[in-house]
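Peer 1: Predicted structure and sequence below. I'll ask about it afterward.
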Amino acid sequence: MLLVSPPETPLPLVAASDPVRGERWFRLALFAAWALTAGWLAAGHVMWRDEVRALTIALAGDDVRAMLRGLQGEGHPALWYLLLRGAHALFGVREVLPGLAFAIAAAAAALFALAAPFRPLVLGLTLFGAFFLDEYAVLARNYGVSMLLMFAFAALYGRWRTRGVGLGVVLALLANTNVPSVLIAGALALFWGIELLGEEGWRWTPAWRRYAANMALLLLGVVACFVAVYPPAQDAAVSPMAGRLSVGTVLLAAGNITAMFSALLPERWWEWPASPLLLAAMVIGSPLGLIRRPAAVVAAVAVMVAMPLFFQIVYPGVYRHQALYVCLLVTLYWLVASRHGGRWPAGRSGLRPAVQAALVRFGQVAFVALLAVQAIMSISVVGVRAAGVPYSRSRDLAALLQRERLGHAVVMADADVVLEPLPHYAANPVWQTRPHRFGRVVAFTKANAYNLHLGQILADARAVRASTGRPVVIVTQLRLDPTAPAQTWSQGYVGELSTTPAEVRAFLAATRPLARFAPAQTDESYDVYLLR
């Protein structure tokens with residue numbers, strides 16, 4: 001049963017000893033099942049703009065220093081870009097983008113399946129959660145690196161906390177995967193410090209000196225992250241409340257914890273009135289399972305409070321950001337299962353043993369329920385893949401250009417960002433309508449985020465054809481209808497697009513429709529026209 005374990009086991013949901021030989025075979029089989037499923041998902045994945053954008057930036061510049069200068073203010077630290085550039089230098093093919101992401105996730109899966117001291121149920125729910133199976137393995141982003149480094153910290157902690165600076169290196173690298181992971185690196189450092197305080201007190205001992213050396217490395221990592229992301233060049237992509245830190249914003253974030261982690265529930269579940277309470281019970285309840293270990297519960301609560309504040313005043317969090325909290329919980333439960341996390345001084349927890357035991361049981365149930373929900377979300381991921389709905393239509397667009405013998409054509413779009421993945425599949429020059437230039441990476445700046453009219457797109461297409469002598473292909477996310485009234489659509493970071501019936505009629509008269517690519521899992525579903 002789920003909550004039955006030997007008395008010495010620190011957590012009922014966690015096995016206290018190393019896997020026995022029979023369980024090792026089960027763990028290998030579980031990893032193989034994950035690899036086959038994630039590999040199948042990855043094999044059919046079509047690159048999305050945020051994925052290809054990173055590779056485009058990583059390969060820009062004549063050398064690494066030039067690349068780092070181009071990365072300045074992009075909003076992400078440098079580690080993922082350095083890994084991509086290095087992998088491309090080694091293999092020289094575009095496939096390093098999905099290949100590297102999958103390899104990193106596979107390393108995390110192997111480490112977790114073979115070393116994590118969890119019971120089979122928790123192992124399976126974690127490995128087949130949507131974040132592990134899809135978001136951090138199939139989508140080629142930097143967040144899978146965060147997961148791997150968190151698990152590496154848990155696996156190395158017992159041995160390396162008493163030697164060298166290996167853990168400091170792990171934390172410094174973690175702080176340079178993405179900005180939210182700076183919070184997580186800080187929380188793991190806090191975990192280590194609180195446990196050390198319980199063991200050593202305030203005396204300046206060799207253990208504290210070793211800890212200080214590791215924290216110096218972490219500090220260097222945080223500084224490197226700050227230098228890479230600040231000041232933000234993509235000023236249209238930050239929260240409207242950016243820089244407005246106050247008592248009010250802190251209280252608002254604390255009161256909106258459930259809303260700030262809303263992506264951890266399937267979207268359809270939000271139709272149920274009880275969904276906010278269910279999510280609150282899982283998100284807020286999960287740290288309670290760690291309450292017997294002060295270092296673990298403090299670290300979990302710190303991130304649970306800090307992340308919503310980050311999402312409110314820096315940039316909004318979506319599933320890939322919010323799932324980092326789930327990975328942290330897995331890491332902390334791993335550490336506690338390995339008998340780390342310190343102990344409360346006698347009587348200092350303020351809770352009676354019976355109350356503490358009840359909270360621990362509730363917290364562990366909440367933790368397992370949170371993992372189970374992520375596994376349920378994977379069912380939808382697999383279903384969409386089985387139905388053949390691609391993540392993006394960029395590969396179809398590239399195939400169309402080749403089929404229509406338009407490999408030399410200039411391609412432009414009503415939202416420039418939808419063409420960012422096209423260079424992964426086709427070498428066509430891309431014209432960016434709002435900044436009026438050729439380019440593969442869109443700048444999310446307020447200067448470019450203005451209201452664009454369909455008539456301006458048509459005029460721009462004619463000007464590009466006249467200046468280059470090349471055919472012009474126009475990609476539009478709109479379903480153009482000359483009988484529809486004048487309309488305005490929000491296009492996110494890049495501004496708005498407006499149409500009038502007269503503009504639509506003029507556009508349709510001046511172009512020839514080539515294809516309609518729909519549906520897609522993202523907004524990269526569109527109609528394609530050729531300027532006559």
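Peer 2: Right, received. Where do you want to start? Numbering: from 1, shown residues only.
Peer 1: And the strands in this structure?
Peer 2: Under the criterion DSSP state E, the chain contains strands at 410-413, 430-432, 437-438, 451-453, 472-476, 487-490, 496-499, 511-517, 526-531.
Peer 1: List the strands paired with the longest one, with their directions.
Peer 2: In this case it means strand 511-517. Strand pairing for strand 511-517, using DSSP bridges, gives strand 526-531 (antiparallel).
Peer 1: burial measure for residue 96, as a count.
Peer 2: 22 (other CB atoms under 10 Å). Bear in mind the C-beta positions are built from the backbone N, C-alpha and C, glycine included.
Peer 1: For residue 424, see how far away the residue nearest to it when sequence neighbours are not counted is.
Peer 2: Once flanking residues are discounted, residue 96 sits nearest to residue 87: 4.0 Å by CB to CB, 6 or more residues apart in numbering. Applying CB to CB, to the nearest Å, the value for residue 87 to residue 424 is 15 Å.
Peer 1: So those two - more neighbours on which side?
Peer 2: Using other CB under 10 Å as the criterion, residue 87 and residue 424 rank with residue 424 on top: 23 against 19.
Peer 1: Model confidence score at the more buried one, please.
Peer 2: Looking at residue 424, its pLDDT stands at 96.
Peer 1: residues contacting it?
Peer 2: By CB atoms under 8 Å, 6 or more residues apart in numbering, the contact set of residue 424 is 47, 52, 55, 94, 97, 394.
Peer 1: let's see it at 7 Å
Peer 2: Contact partners of residue 424, counting by CB atoms under 7 Å, 6 or more residues apart in numbering, are 47, 52, 94, 394.
Peer 1: Mean neighbour count, distance to residue 130 and mean pLDDT for the strands of the chain - can I get that in a markdown table?
Peer 2: Below are these laid out as a markdown table (neighbours: other CB atoms under 10 Å; distance: least, CB to CB, whole Å; pLDDT from 0 to 100):
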| stretch | mean neighbour count | distance to residue 130 | mean pLDDT |
| --- | --- | --- | --- |
| strand 410-413 | 23 | 29 | 97 |
| strand 430-432 | 23 | 32 | 96 |
| strand 437-438 | 12 | 37 | 94 |
| strand 451-453 | 16 | 35 | 87 |
| strand 472-476 | 24 | 29 | 97 |
| strand 487-490 | 12 | 27 | 86 |
| strand 496-499 | 19 | 32 | 90 |
| strand 511-517 | 16 | 25 | 97 |
| strand 526-531 | 21 | 26 | 97 |
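Peer 1: Minimum distance to residue 187: which of those strands has it?
Peer 2: strand 487-490 (35.4 Å; CB to CB).
Peer 1: Check what contacts that closest one and list those residues.
Peer 2: 478, 496, 497, 498, 499.
Peer 1: pretty sure the third one contacts residue 414?
Peer 2: I take that to be residue 497. Yes: taking CB atoms under 7 Å as the definition, residue 497 is a contact partner of residue 414 at 5.5 Å.
Peer 1: Give me the pLDDT for the residue nearest to residue 96.
Peer 2: For residue 87, the pLDDT comes out at 97.
Peer 1: and the closest residue to residue 11 other than its chain neighbours, how many neighbours?
Peer 2: The shortest distance from residue 11 to any non-neighbouring residue, by CB to CB, 6+ apart, is to residue 337 (5.5 Å). Residue 337: 22 surrounding residues under other CB under 10 Å.
Peer 1: ends of stretch 41-51, how far apart?
Peer 2: By CA to CA, to the nearest Å, the extent of stretch 41-51 from end to end equals 16 Å.
Peer 1: Kindly report the same for stretch 507-516.
Peer 2: 16 Å.
Peer 1: Repeat that for stretch 69-88.
Peer 2: 19 Å.
Peer 1: Work out the gap between that stretch and the centre of the chain.
Peer 2: A distance of 15 Å separates the centroid of the chain from that of stretch 69-88, by CA atoms, centre = their mean, to the nearest Å.
Peer 1: Give me the buried stretch members for that stretch, please.
Peer 2: The neighbour-count check on stretch 69-88 (16 or more other CB atoms under 10 Å) flags 70-71, 74-85, 87-88 as buried.
Peer 1: which ones are touching the residue lying closest to residue 414 once chain neighbours are set aside?
Peer 2: Leaving aside its sequence neighbours, residue 414 sits nearest to residue 476 (CB to CB, 6+ apart; 4.5 Å). Residue 476 makes contacts with 413, 414, 526, 527, as judged by CB under 7 Å, 6+ apart.
Peer 1: Just put these in a markdown table and tack on distance to residue 256.
Peer 2: Output for these, formatted as a markdown table (distance: CB to CB, whole Å):
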| residue | distance to residue 256 |
| --- | --- |
| 413 | 35 |
| 414 | 34 |
| 526 | 34 |
| 527 | 38 |
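Peer 1: ok, of the residues you listed, which one's closest to residue 485?
Peer 2: Closest to residue 485, out of all of the contacts of residue 476 and judged by CB to CB, is residue 414, at 18.1 Å.
Peer 1: What is the burial count for that closest one?
Peer 2: 23.
Peer 1: do the same with residue 276
Peer 2: So residue 276, with other CB under 10 Å, has 14 neighbours.
Peer 1: Provide a list of residues in contact with it.
Peer 2: Taking CB under 7 Å, 6+ apart, we find residue 276 in contact with residue 258.
Peer 1: any idea which helix or strand of this structure has the worst average confidence?
Peer 2: Confidence across the helices and strands of the chain bottoms out at helix 247-255, with a mean of 66, counting by mean pLDDT, DSSP states H and E.
Peer 1: Could I get the contacting residues of residue 477?
Peer 2: Per CB under 7 Å, 6+ apart, neighbours of residue 477: 414, 415, 418, 523, 526.
Peer 1: out of everything not next to it in sequence, what's closest to the residue most central in space within the chain?
Peer 2: Geometric centre of the chain, nearest residue: residue 320, 3.0 Å, by CA atoms, centre = their mean. Nearest non-adjacent residue to residue 320, counting by CB to CB, 6+ apart: residue 143, 4.9 Å away.
Peer 1: Over to residue 124?
Peer 2: Here the residue nearest residue 124, using CB to CB, 6+ apart, is residue 30, at 6.2 Å.
Peer 1: Who does the spatially closest residue to residue 511 that is not a sequence neighbour form a beta bridge with?
Peer 2: In this structure, residue 511 finds its nearest non-sequential neighbour in residue 529, 3.9 Å apart by CB to CB, 6+ apart. Note on residue 529: beta-bridge partners by DSSP bridges are residue 474, residue 513.
Peer 1: Which residues are in contact with residue 529?
Peer 2: With CB under 7 Å, 6+ apart, residue 529 has these contacts: 474, 511, 512, 513, 514.
Peer 1: wait, doesn't the third one sit right on residue 531?
Peer 2: Put plainly, it is residue 512. No: in this structure, residue 512 is not within contact of residue 531 by CB under 7 Å, at 8.2 Å.
Peer 1: Can you give me the distance of the residue nearest to residue 414 to residue 462?
Peer 2: 16 Å.
Peer 1: got it, and residue 395?
Peer 2: Separation of residue 395 from residue 462 (CB to CB): 28 Å.
Peer 1: more crowded one of those two?
Peer 2: Using other CB under 10 Å as the criterion, residue 395 and residue 462 rank with residue 395 on top: 19 against 13.
Peer 1: rewinding a little: closest one of the contacts of residue 424 to residue 264?
Peer 2: Set against residue 264, the nearest of the contacts of residue 424 by CB to CB is residue 47 (25.3 Å).
Peer 1: list the contacts for the closest one?
Peer 2: 97, 392, 394, 421, 424.
Peer 1: how far away is the last one from residue 300?
Peer 2: Distance of residue 424 to residue 300, given as CB to CB: 38 Å.
Peer 1: Repeat that for the fourth one.
Peer 2: As defined by CB to CB, residue 421 lies at a distance of 36 Å from residue 300.
Peer 1: try the second one
Peer 2: Using CB to CB, one obtains 35 Å as the distance from residue 392 to residue 300.
Peer 1: How about the first one?
Peer 2: For residue 97, the distance to residue 300 under the criterion CB to CB works out to 33 Å.
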